[in-house]
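Visitor: with the sequence up front, the predicted model follows.
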Amino acid sequence: MTITHNNRWLWLVALFLIGWLIYQLSPILSPFLVGILLAYLGDPLVDRLERWKLSRTWGVILVFTLFTLLCLLLLLVLVPMLGKQLMHLYELAPLGLDWLQLTALPWVQAQFGLDEDFWRVDQLKSAFSANLGSTKDVVAIILSQATASSIALLAWLANLLLVPVVCFYLLRDWDLIMAKLRTLLPRRREDAVMSLMRECHEVIGAFLRGQLLVMLALAVVYSAGLMLVGVELGLLIGVLAGLASIVPYMGFVVGIGAAVIAVLFQFGLELYPLLGVAAVFTVGQMMEGMLLTPLLVGDRIGLHPVAVIFAVLAGGQLFGFTGVLLALPVAAVIMVLLRHVHDLYKLSDLYAEPPADPPRQP
C-alpha cells in the first residue's frame with residue numbers, strides 16, 4: 001500500500017513539473033507545437049503514400065510540396081483580397097457610426113427616456129474619421145517598430161523558419177518516435193494504455209482533421225455564396241463565419257449577423273439581397289448538418305460547444321498562444337479520461353445500490 005501511495009505522489013509531482021515547464025517555456029514552444037500539429041495532421045497522408053510503395057522521405061517531400069503550394073496560394077490570392085476587404089470595412093465604419101447616431105441610438109433614447117447627450121457618437125466618429133487618412137502609414141509604422149526591436153524581429157523570423165524544419169523531421173520519423181514511446185510503457189499496462197491512446201487519437205484526429213475540413217468547406221460555401229449575392233464584404237464575412245464554425249452554430253450566428261448588417265448598409269431594405277443571404281446560410285447549415293459533419297467528423301468527438309469555448313479561452317489565459325494550440329487536444333484527452341473515470345465510478349462501491357435489509361423474522 002505504501003508503494004502505491006508513493007507512486008501516486010511521484011506521478012502528481014511529475015505532472016506538476018511538466019505543467020511548470022510548459023508554463024516557463026511557453027514563449028519558445030509555439031513553433032514546436034505548430035510543427036507537431038502539422039506533423040500529426042500530415043502523417044496519415046504520408047502513410048497512405050507509403051502504402052502506394054513510395055518511400056517515407058519522398059512521401060514527406062511530396063506532402064511538404066503540396067503544403068507549400070497551398071500556403072503560396074493563400075499568400076498570393078486570399079490574403080490580398082482579405083486585406084482589401086478589411087480596408088473597405090475600415091472605410092465603411094463612419095457610415096455605420098452615422099446609422100448609429102441618426103437612426104438606432106435616437107430610437108433607443110426615445111424608448112428609454114435618455115438624455116440627448118447620453119450618446120457621444122459624434123466624438124467617436126470625428127476621432128475615427130481623423131485617423132482614416134493615416135491608413136497608408138500603417139506599413140511604415142510596422143516597419144519602424146520592427147526595425148526598432150530587431151532582436152524581436154529576428155526571433156519571430158527564426159520561429160517562423162523553425163516550424164517547417166521541426167515538422168519535416170517529426171513527420172519523417174513519426175512512426176519511429178511512436179514505436180520508441182510505446183517501448184517505454186509498462187509491460188503489464190501496455191494494452192490498457194494503448195487502448196486509451198487509440199481512443200484519444202480517434203477523438204483528436206476526428207476533431208483536428210474533420211473539424212478543420214468542415215471549417216474550410218463552410219468558409220468556401222459562405223464566401224462564394226455571399227459574393228454571388230453581391231455582398232462587397234462577402235469574402236471577409238465568409239472566412240470569419242468558417243473560422244467561427246469551430247463551435248457548432250457559432251459560424252451561422254456570426255456569419256448571418258454580419259452579412260445582414262453588410263447588406264443593410266450596401267442595399268438598404270431591399271428584399272432580394274436579404275433573401276439571398278438567408279439562402280446562403282441555410283444551404284451552409286444543411287450541408288454542415290447532413291453532409292460535412294457526418295462525413296468528415298462523425299460522432300466520435302463528444303466535445304460540448306461550451307467546453308470548446310472554455311478550453312480555448314482557458315488555454316489562452318494560462319499559456320497565451322501556446323495554450324490556444326494545446327487547448328483542444330488537451331480537452332479531448334481530458335474528455336476521454338473523464339469518460340473512463342465515469343465508467344469506473346459506475347462500477348465502484350461508492351455508486352452501488354445500498355444492500356437490501358434482511359427480512360425480519362416473525
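Guide: That came in fine, so what should we check first?
Visitor: the nearest residue to A279 once chain neighbours are set aside: which element?
Guide: What sits nearest to A279 in space, not counting adjacent residues and going by C-beta to C-beta, 6 or more residues apart in numbering, is G225, at 7.6 Å. Where you see a C-beta, it was placed from the backbone N, CA and C, and this is true even at glycine. Per DSSP states H and E: G225 is located in helix 212-229.
Visitor: and the helix or strand following that helix, what does it pack against?
Guide: Sequence order places helix 234-244 as the next helix or strand after helix 212-229, per DSSP H and E. For helix 234-244, the packing partners by 3 or more C-beta pairs under 8 Å, 6 or more residues apart in numbering; DSSP states H and E come out as helix 79-99, helix 212-229, helix 250-267.
Visitor: so for helix 234-244, mean pLDDT?
Guide: Across helix 234-244, the average pLDDT comes to 88.
Visitor: who touches that helix?
Guide: The contact list for helix 234-244 (C-beta atoms under 8 Å, 6 or more residues apart in numbering) reads 81-82, 85-86, 89, 215-227, 231, 250-256, 258-259, 262, 281, 284.
Visitor: same question, stretch 219-232
Guide: So stretch 219-232 is contacted by 85, 88, 233-235, 237-239, 241-243, 245, 251, 255, 259, 262-263, 266-267, 273, 276-277, 279-281, 283-284, 287 (C-beta under 8 Å, 6+ apart).
Visitor: can you dump the C-alpha atoms of the helix holding G225 in CSV for me?
Guide: Below are the C-alpha coordinates for helix 212-229, written out as CSV (Å, rounded to 0.1, in the frame of the first residue of the first chain):
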residue,chain,number,x,y,z
LEU,A,212,-10.7,21.8,-39.9
LEU,A,213,-12.1,20.5,-43.2
VAL,A,214,-15.6,21.4,-42.1
MET,A,215,-14.5,25.0,-41.3
LEU,A,216,-12.7,25.2,-44.7
ALA,A,217,-15.7,23.9,-46.6
LEU,A,218,-18.1,26.3,-44.9
ALA,A,219,-15.8,29.2,-45.4
VAL,A,220,-15.7,28.4,-49.2
VAL,A,221,-19.5,28.0,-49.3
TYR,A,222,-20.3,31.1,-47.4
SER,A,223,-17.8,33.3,-49.2
ALA,A,224,-18.8,32.1,-52.7
GLY,A,225,-22.5,32.4,-51.9
LEU,A,226,-22.2,35.9,-50.5
MET,A,227,-20.1,37.1,-53.4
LEU,A,228,-22.7,35.7,-55.8
VAL,A,229,-25.4,37.7,-53.9
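Visitor: now the buried members of the contacts of stretch 219-232.
Guide: Among these, those scoring as buried are 85, 233-235, 237-239, 241-243, 245, 251, 255, 259, 262-263, 267, 273, 276-277, 280-281, 284 (criterion: 16 or more other C-beta atoms under 10 Å).
Visitor: how many other residues sit next to R198?
Guide: 11 (other C-beta atoms under 10 Å).
Visitor: pLDDT score for it?
Guide: 84.
Visitor: ok so, going back, can you select the buried ones from the contacts of helix 234-244 in ChimeraX?
Guide: To isolate the buried members of the contacts of helix 234-244 in ChimeraX, using 16+ other C-beta under 10 Å:
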select :85,89,215,216,217,218,219,221,222,223,225,226,227,231,250,251,252,254,255,256,258,259,262,281,284
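Visitor: now A279: how far from A259?
Guide: As for A279, its distance to A259 is 11 Å (criterion: C-beta to C-beta, to the nearest Å).
Visitor: shared neighbours of those two, anything?
Guide: With C-beta under 8 Å, 6+ apart, A279 and A259 have no common neighbours.
Visitor: just to revisit the earlier point, the helices and strands packed on helix 234-244 into TSV, with extra columns for distance to F310 and mean pLDDT?
Guide: Listed next are the helices and strands packed on helix 234-244 as TSV, based on distance: least, C-beta to C-beta, whole Å; pLDDT from 0 to 100:
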stretch	distance to F310	mean pLDDT
helix 79-99	29	73
helix 212-229	19	89
helix 250-267	13	85
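Visitor: columns distance to A110 on top of these, output as a markdown table?
Guide: Formatted as a markdown table, these follow (distance: least, C-beta to C-beta, whole Å):
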| stretch | distance to A110 |
| --- | --- |
| helix 79-99 | 16 |
| helix 212-229 | 33 |
| helix 250-267 | 20 |
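Visitor: closest one to Y345 among the ones you listed?
Guide: Nearest of these to Y345, taken as C-beta to C-beta: helix 250-267 at 32.1 Å.
Visitor: contacts for the closest one, please.
Guide: 92, 95-96, 99, 215, 218, 222, 226, 229-234, 237-238, 240-245, 270, 273-274, 277-278, 280-281, 284-285, 305.
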